[in-house]
Structures are given as C-alpha cells and as structure tokens.
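Asks: Below is the sequence, then the predicted model.
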Amino acid sequence: MDRERLESLAAELMERQFARVPRMRELHAGEWIERDYYVRHVVETVLRIRLNNEVDTYALFKVGSQDDALAAHLAQYLAEEFGHEGMFTRDLAKFGVTLDEVNAIPVFPSTAKLMGYLRLAADSRGPAPTTVWDWFVEWYSDRYNQVITNAAAREFGPEFVRGTQSHLDFDESHDHDELMFRTVSRAVEVFGTAEQAYADLETYIDLIGDYFAELHAATVRTEEPSHV
C-alpha cells in the first residue's frame, strides 16, 4: 500500500462530497454547526460504533489462523474500541437524549448500506475491505473530528463534548491512525490488492457523503421566506 496515495485519494474523495452535500464543507471546517444536526450526528456515531465493532469482529473471524500478525492487530484495535460508544452517550445525556431513546432510533439508510457492504465484502474477500474502512475512520477522525468538536464546544459549551473529547484523546494517545495503516497494509498484502483497496475507499466515502446528505435532510429546516 502507498500511504501517500491512500491519503491523497481520501482527501480528494472527501472534497467531492463537500462539493455536493449541503453544509458538509462548513461543518468539517468548523464554520457551521446546528443543535439538532449535531445531536443526531452523535446518535449515529453511537449506533455506527456498535455496528462497526460487529463487522470488525467478523473480519477478525475471517482472518482465522491464516495470519497471526494481522489477527493480533485487529484484536488490539477491537479491544481498544469496545465500549467507546459510552463516551458519546454521556454527551447525549447532557443534551437530554436518553440511552433508551438512542436505542430506539434506526440508523440512516447509508449506514445500513455501509455495514452491509462490509459484511458481504468480508464473506467474499476476507478482512481487507473492513481494514480499509477502519483506516479511513481513523484518518477522518484525525483530520476533522477535533475541528467539529471544537465548534460544538464553542456553540453548546465544553460540558456537552467531554465524552467526545475523551474519545479523541484516547485515539491520539494510542496512535490509532498508525495502527490501522499497519493493519490495512498487512490485510491488503495478504488478502487483496491495492487497487481493490482504493476502490473500496471510494465506495465508503460516497456512502459517507450520502450519510451527511441524509443527516442534513432529516434535521435542518429549510429557511422560510420572510413576509413583508
């Protein structure tokens, strides 16, 4: 895997989404945030973490005994990520959203498509597609999540992002971006090809764009025309 190419492709594909999805560029630049939008985004983060842990567990199963080093990397990542949704649910509680309410909310269609893709891809191609997704999650977090969290802290108050900030601090202290690049490099070397990885990345980022479009449509009210 060519790390520079992977990262430049991710940035290029994100730019494509910024150009097509309302408010996505402004959110990721820390220039715009809105309460309903942000709260629903944190809810989806909780739901996606749970599903992501399931697909990662399945990817580890698909490694089996074929590559112990890769299995160890995936197991380490899983061990360090399990239970982290609790950091976000603490923030949601500050917004008045209970755990029962979170559990009753269905994921957006784009999230369901993404998780379904990861599960089916693991069946046909082993763990490599899942590790590409996990690498992107960590790359995305390093690049954008602190910016978004800082904007939320300014808008709503630092007490509303303490759990989210704890998660960011944990990932930074454990160098998850580096861990997942080593993992994806090993998985692609053993189970796939670099070109498949780049194609998977494009699929994932298209679905992320779809997610932010769905999020915007579900939470942001169209401005009503003023009356004279």
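Replies: Okay, I see it.

Asks: close enough to count as contact, Gln66 and Arg186?
Replies: No: the pair Gln66 / Arg186 is not scored as a contact, 11.3 Å apart, by CB atoms under 8 Å. (Each C-beta comes from the backbone N, C-alpha and C, glycine too.)

Asks: ok, the two, which is more surrounded?
Replies: Between Gln66 and Arg186, counting by other CB atoms under 10 Å, Arg186 is the more crowded of the two (22 against 12).

Asks: Distance check, that one against Arg25.
Replies: Distance, Arg186 to Arg25, by CB to CB, to the nearest Å: 34 Å.

Asks: Next: Met180.
Replies: Using CB to CB, Met180 is found at 25 Å from Arg25.

Asks: Of the two, which one has the most company?
Replies: Comparing Met180 with Arg25 by other CB under 10 Å, the one with more neighbours is Met180, at 23 against 17.

Asks: Could you say which helix or strand holds that one?
Replies: Secondary structure from DSSP states H and E places Met180 in helix 176-191.

Asks: in the following helix or strand past that helix, what counts as buried?
Replies: Moving toward the C-terminus from helix 176-191, the next helix or strand (DSSP H and E) is helix 194-219. By 16 or more other CB atoms under 10 Å, the buried positions in helix 194-219 come out as 196-198, 200-201, 203-216.

Asks: Go ahead and measure how far the longest helix along the chain is from the middle of the chain.
Replies: In the chain, taking DSSP state H as the definition, the longest helix is helix 35-63. Computed by CA atoms, centre = their mean, to the nearest Å, the chain-centroid distance of helix 35-63 equals 7 Å.

Asks: which is the next helix or strand following it?
Replies: Criterion used, DSSP H and E; the element after helix 35-63 is helix 68-81.

Asks: Sort out which residues of that next one are buried, please.
Replies: Using 16+ other CB under 10 Å as the test for burial, helix 68-81 gives 70-71, 73-74, 77-78, 81.

Asks: Kindly reformat these as JSON lines containing distance to Gly157 and pLDDT.
Replies: Below are these laid out as JSON lines (distance: CB to CB, whole Å; pLDDT from 0 to 100):
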{"residue": "Leu70", "distance to Gly157": "42", "pLDDT": "90"}
{"residue": "Ala71", "distance to Gly157": "43", "pLDDT": "92"}
{"residue": "His73", "distance to Gly157": "38", "pLDDT": "86"}
{"residue": "Leu74", "distance to Gly157": "37", "pLDDT": "89"}
{"residue": "Tyr77", "distance to Gly157": "32", "pLDDT": "84"}
{"residue": "Leu78", "distance to Gly157": "33", "pLDDT": "86"}
{"residue": "Glu81", "distance to Gly157": "27", "pLDDT": "75"}
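
Asks: okay, among the residues you listed, which ones form the most distant pair?
Replies: Spanning the widest gap among these are Leu70 and Glu81, at 16.6 Å by CB to CB.

Asks: Tyr37 - how many residues pack around it?
Replies: Look at Tyr37: counted by other CB under 10 Å, it has 17 neighbours.

Asks: No further questions, thank you.
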